[in-house]
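A.B. asks: okay, predicted coordinates and the sequence, questions at the end:
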Amino acid sequence: MSNSIDARSINAIRILSADAIQKANSGHPGLPLGAAPAAYTLWSKVMNHNPKDPNWANRDRFILSGGHGSMLLYSLLHLFGYGLTKDDLANFRQLGSLTPGHPEYRHTVGVEATTGPLGAGMAMAVGMAMAEKHLASVFNKENYPVVDHYTYVLGGDGCMMEGISYEAFSLAGTLGLSKLIVLYDSNDISIEGGTNIAFRESVQKRFEAFGFQTLRVEDGNDTAAILAAIEEAKADTTRPSMIEIKTKIGAGCPAKEGKASAHGEPLGVENVAALRENLGWEDSTPFAVPQDIYDHFAAIADEKQKNEDAWNRLFADYRTAFPDMAELWDTYHDEDSAAALLEDENFWKLSDAADSTRNISGKAINYAKTKLPNLFGGAADLAPSTKTYMKDLGDFSKETPEGSNLHFGVRELAMAAIGNGIRLHGGLRPFVSTFFVFSDYVKPMARLSALMQVPLTYVLTHDSIGVGEDGPTHEPIEQLAMLRALPNFYAFRPADATETAAAWYFALNSKTIPTALVLTRQNLPQLAGSSKDALKGAYILEDSTKDTPDAIIIATGSEVQLAVEAREKLLIDGIDVRVVSMPCMDLFRDQPAEYQEQILPSAVTARVSVEALTTFGWERYVGLNGKAVGMTGFGASGPANELFRHFGITTDAVIAAVKEQL
């Protein structure tokens, strides 16, 4: 084997990866050993990045979609000087370490995305490339390419098998994302053995059908061929590129190379020693890397710094030459620019007449776009129904990248991941949209939004059995409980225009919490008692005349009007109740205990909730002996008003429940 500094640097990545996994007695050595030459070539000879400034706006992005191979990334970050120490590598997969089992965004410097589920990183990379293409069309001027970078994503056979990659790359080809380059670590092995037991298609032909340039490197150790392929990929300015790199899983370890057992378990002490011997790595001390290799990586990093220095000079000249664009750039990158909406009364007066909350949300979007030019979003082929189209801003496409309306096609899962990627890129405020029932397709990537603390906004309409004639396949029942169960994910189900504005205000100002707006198809009245107190998650909409109410009715969304009507009729019978609107359970839980007690005094145990969704979870607020009016099974096909009567979600049902409590 060659003893060149490049070869020894590649072997350093392999040795560090094997040592960390062995010390943890847990991990996946196969990918780091096989893909080390490709990753080293990309990071050292191609990619624009600066370890001294990991958040440089014009850096190339790198996503390890095969996140199980995290030691590949951690070894690169350590060797290039991103701040990971040998101790960090030695604490791989240990509680509280900077080197968790799968890379985590916000947790480890240099990690661009949390990649756990296979294929998710592929789709997030598509989002990053879309963000780059759009921002370049907005900001670049002749001789001033201030947005000009590539998105590289590395993954293996598992990522290619997952349906999310099909969805995302089909869209990427349609959009002509020429600065997206996919490195396919193709080793024909998965956990159960050779991939031919379940995966025999031509990935090359599939990507050709998507509209990608496809390239192939026959030997994953041939760094010259890898470099040539990456340069050829960069040279294609009309298509994204996929480079299939034929590798051997566990490369360099004689007993494990090419075997499924190399995937997800430590090599073993003897095999790590054999790896060292086979690679000509003389030092048997774990995590020991010769100083000249560290010096080599440091020299590369110093050269990379020059790229940012040149960009900084270009950007300074750009700001002088185009002061209006510089101001717009600052607006795009100002995370606090939506705060002014709190005192903007026009934003809080979106509708006076009865209207659906999906319509009101559409008005909110179209008003917000006049204040926030970096809104960038759309729907999974449903914008006319979800009311998410931004008028006069055009469509984002291969031919018109300056457009702000996104057309994801019927691809809900990839849409959510792409939205995450757009937000991770920076500079844009993305939102995504579909029917609420299809949040089942969205949920895995919404979970990643929450885990990464990425404040993506989800607009989810047609929120209950109010969908009506489309029937139970399209009527959400358990979906809101599912979203409420997600940590760090806030779901709003507003009852009118004011509450819908509150939901959008929260979403647009959130720094770390993704938000779902769960919206009606049917018209709802504007409620006299609604207010900005919706920003507390729950508030008193109509109160009892007594110091201590006889009972409390808690409702959300379209059922708040039922609670108001029930209160009026109960008063005739001498029963004086409080109506609490609770558009966001999650936000209510954030409020001080004193406020929660003020809204829901513990002395009042007669409580009823009403929501045209599953009753699951309402025990928290009505108590074990309280009454939850809602759905206990699936919906049915029929006119909406008939369905509400059929399933007992009516004013009379609420009245009966209150009387039962008393």
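C.D. replies: Perfect, I can see it now.

A.B. asks: give me the low-pLDDT residue ranges for this protein?
C.D. replies: Residue ranges of the chain with pLDDT under 70: 1-2.

A.B. asks: what residues of the lengthiest helix in it count as buried?
C.D. replies: Taking DSSP state H as the criterion, the chain has its longest helix at helix 291-321. For helix 291-321, burial by neighbour count (16 or more other CB atoms under 10 Å) applies to 293-294, 296-297, 300-301, 304-305, 307-308, 311, 314-315, 318-319. (Each C-beta comes from the backbone N, C-alpha and C, glycine too.)

A.B. asks: tell me the first helix or strand C-terminal of that helix.
C.D. replies: helix 323-332 (DSSP states H and E).

A.B. asks: number of residues surrounding the closest residue to residue 488 other than its chain neighbours?
C.D. replies: In this structure, residue 488 finds its nearest non-sequential neighbour in residue 450, 4.3 Å apart by CB to CB, 6 or more residues apart in numbering. Residues near residue 450, counting by other CB atoms under 10 Å, number 20.

A.B. asks: give the contact list for residue 450.
C.D. replies: 486-489, 513-514 (CB atoms under 8 Å, 6 or more residues apart in numbering).

A.B. asks: quick one, helices of the stretch 401-550 of the chain?
C.D. replies: Assigned by DSSP state H, counting those that start in this stretch, the helices in the stretch 401-550 of the chain fall at 412-425, 439-452, 479-485, 497-509.

A.B. asks: ok, of the contacts of residue 450, which come out buried?
C.D. replies: Neighbour counting by 16+ other CB under 10 Å classes 486, 489, 513-514 among the contacts of residue 450 as buried.

A.B. asks: adding distance to residue 461, write these out as a markdown table.
C.D. replies: Formatted as a markdown table, the buried ones among the contacts of residue 450 follow (distance: CB to CB, whole Å):
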| residue | distance to residue 461 |
| --- | --- |
| 486 | 19 |
| 489 | 18 |
| 513 | 21 |
| 514 | 17 |
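
A.B. asks: which one of the residues you listed is nearest residue 419?
C.D. replies: Using CB to CB, residue 514 is the member of those that lies nearest residue 419, at 9.2 Å.

A.B. asks: distance check, residue 46 against residue 461.
C.D. replies: Per CB to CB, to the nearest Å, residue 46 is found 43 Å from residue 461.

A.B. asks: looking at these two, which has the bigger crowd around it?
C.D. replies: Neighbour totals were compared for residue 46 and residue 461, and residue 461 leads with 27 against 18 (other CB under 10 Å).

A.B. asks: is it true that that one touches residue 436?
C.D. replies: Yes. Counting by CB atoms under 8 Å, residue 461 touches residue 436, with 6.3 Å between them.

A.B. asks: which neighbours do the two have in common?
C.D. replies: Any residue near both residue 461 and residue 436 by CB under 8 Å, 6+ apart counts here, and that gives residue 519.

A.B. asks: helices of the stretch 51-200 of the chain, residue ranges please.
C.D. replies: With DSSP H, counting those that start in this stretch, the ranges of helices along the stretch 51-200 of the chain come out as 70-80, 86-90, 120-139, 157-161, 163-175.

A.B. asks: thinking again about what came up before, need the contacts of residue 450 in a markdown table (columns: distance to residue 404).
C.D. replies: Shown next, in a markdown table, are those (distance: CB to CB, whole Å):
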| residue | distance to residue 404 |
| --- | --- |
| 486 | 28 |
| 487 | 31 |
| 488 | 27 |
| 489 | 25 |
| 513 | 23 |
| 514 | 20 |
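
A.B. asks: quick one, phi psi at the residue nearest to residue 562 when sequence neighbours are not counted?
C.D. replies: Nearest non-adjacent residue to residue 562, counting by CB to CB, 6+ apart: residue 651, 5.1 Å away. Phi and psi for residue 651, reported as degrees, to the nearest 10, are phi -60, psi -40.

A.B. asks: can I assume residue 651 is in contact with residue 566?
C.D. replies: Yes. Contact criterion CB under 8 Å: residue 651 and residue 566 qualify, at 5.1 Å.

A.B. asks: and these two? which has more neighbours close in?
C.D. replies: A direct count of neighbours by other CB under 10 Å for residue 651 and residue 566 places residue 566 higher, at 28 against 20.

A.B. asks: return the distance of the one helix or strand that one maps to from the chain's centre.
C.D. replies: Per DSSP H and E: residue 566 is located in helix 560-572. Distance, stretch centre to chain centre, for helix 560-572: 40 Å (CA atoms, centre = their mean, to the nearest Å).

A.B. asks: which neighbouring elements make contact with it?
C.D. replies: Secondary-structure packing of helix 560-572 (3 or more CB pairs under 8 Å, 6 or more residues apart in numbering; DSSP states H and E): strand 539-542, strand 551-555, strand 577-581, helix 651-661.

A.B. asks: quick one, which of these is nearest to residue 398?
C.D. replies: Set against residue 398 and scored by CB to CB, the helices and strands packed on helix 560-572 come closest in strand 577-581, at 44.9 Å.

A.B. asks: beyond that closest one, next helix or strand please.
C.D. replies: In N-to-C order, the element after strand 577-581 by DSSP H and E is helix 585-590.

A.B. asks: buried residues, that following helix. List them.
C.D. replies: Applying a neighbour-count criterion of 16+ other CB under 10 Å, one finds 585-588 buried in helix 585-590.

A.B. asks: just those now: which is nearest residue 95?
C.D. replies: Distances from residue 95 to the buried residues of helix 585-590, taken by CB to CB, are shortest for residue 586, at 26.7 Å.

A.B. asks: I'd say the closest one and residue 493 touch.
C.D. replies: No. Applying CB under 8 Å, one finds residue 586 not in contact with residue 493, separated by 11.2 Å.

A.B. asks: who's in contact with the spatially closest residue to residue 34 that is not a sequence neighbour?
C.D. replies: Excluding the flanking residues, the one nearest residue 34 by CB to CB, 6+ apart is residue 247, at 3.9 Å. Counting by CB under 8 Å, 6+ apart, residue 247 touches 34-35, 38, 185-187, 220.

A.B. asks: buried ones among those?
C.D. replies: The neighbour-count criterion (16+ other CB under 10 Å) marks 34-35, 38, 185-187, 220 among these as buried.

A.B. asks: between the helices of the stretch 51-200 of the chain, which gets nearest to residue 427?
C.D. replies: If you check each of the helices of the stretch 51-200 of the chain against residue 427 by CB to CB, helix 120-139 wins as the nearest, at 5.4 Å.

A.B. asks: next one: that closest one to chain centre, how far?
C.D. replies: Here helix 120-139 is found 13 Å from its chain centre; the criterion is CA atoms, centre = their mean.

A.B. asks: need the CA coordinates for it. PDB is fine.
C.D. replies: Output of helix 120-139 as PDB, limited to C-alpha atoms (Å, rounded to 0.1, in the frame of the first residue of the first chain):
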ATOM      1  CA  ALA A 120     -33.500  11.300   5.600                       C
ATOM      2  CA  GLY A 121     -30.100  12.900   4.900                       C
ATOM      3  CA  MET A 122     -30.500  12.400   1.200                       C
ATOM      4  CA  ALA A 123     -33.800  14.400   1.300                       C
ATOM      5  CA  MET A 124     -32.400  17.100   3.600                       C
ATOM      6  CA  ALA A 125     -29.600  17.500   1.100                       C
ATOM      7  CA  VAL A 126     -32.100  18.200  -1.600                       C
ATOM      8  CA  GLY A 127     -33.600  20.900   0.600                       C
ATOM      9  CA  MET A 128     -30.200  22.500   1.100                       C
ATOM     10  CA  ALA A 129     -29.500  22.500  -2.600                       C
ATOM     11  CA  MET A 130     -33.000  24.100  -3.200                       C
ATOM     12  CA  ALA A 131     -32.100  26.800  -0.700                       C
ATOM     13  CA  GLU A 132     -28.800  27.500  -2.400                       C
ATOM     14  CA  LYS A 133     -30.400  27.700  -5.800                       C
ATOM     15  CA  HIS A 134     -33.100  30.100  -4.700                       C
ATOM     16  CA  LEU A 135     -30.800  32.300  -2.700                       C
ATOM     17  CA  ALA A 136     -28.300  32.500  -5.500                       C
ATOM     18  CA  SER A 137     -31.100  33.600  -7.900                       C
ATOM     19  CA  VAL A 138     -32.100  36.400  -5.400                       C
ATOM     20  CA  PHE A 139     -28.800  37.700  -4.400                       C
END
